[in-house]
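Participant: here is my input, please return the structure:
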Amino acid sequence: MTLHLSPDLTILLHATVTLMAAAAAAAISLMFARKNYWLTISIALWIPAIIIAFQIPLFLNVHETDTSRLLTLSVSLLQGLLLSPTLGLPAMMALSNAHPDLSRTAKGLGADSFERIRFLWLPLLRKRLLFGFASGTLLAGLMAHTLISYAYQPVP
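Facilitator: The predicted structure follows:
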């Protein structure tokens, strides 16, 4: 028995998978935000990664059949990994420009880790995280639509 989803639900599923993969990869990359080489690599690969992510369905010749659903989900995961610099770069830029003793000063003034996150890092990163998430959501939706529209084309 196979599960048949409407095209809208299929696009939503693939966009969600793409966005979750991008968010996970961006969260991992934010651990290296103070490393200048990591920031340079992310900036250098940002635009080419997005272009490659849009072209993956064409490269892999993805067409939707009952046996290729795992392939289309794998393509969505790979697209999400390539999309991760879009989510992480705005926050990375803010963290790389933040003074390195900022957190230590807050800790010295008596702020515990929750208070540092709430009063120091969230105000600093809030707009950048929202921008990264909004642009990532938009690109994930466009990539899912591109993948599904290509996958449902008749095979020549």
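
Participant: need the residue closest to the centroid of the protein.
Facilitator: residue 22 (2.4 Å; C-alpha atoms, centre = their mean).

Participant: by contact count, what packs against whichever strand or helix holds that one?
Facilitator: Per DSSP states H and E, residue 22 falls inside helix 7-30. Other helices and strands packing on helix 7-30, by 3 or more C-beta pairs under 8 Å, 6 or more residues apart in numbering; DSSP states H and E, are helix 69-97, helix 122-151. Placement of C-beta: from N, CA and C, glycine included.

Participant: next, the angle helix 69-97 makes with the longest one.
Facilitator: It refers to helix 122-151. 150 degrees (axes from the mean of the first three to the mean of the last three C-alpha atoms, to 10 degrees).

Participant: ok, now which ones touch residue 90?
Facilitator: Contact analysis of residue 90 by C-beta atoms under 8 Å, 6 or more residues apart in numbering lists 128-129, 131-132.

Participant: list just the nearest of those to residue 47.
Facilitator: Distance to residue 47 across the contacts of residue 90 (C-beta to C-beta) is lowest for residue 132, with 15.3 Å.
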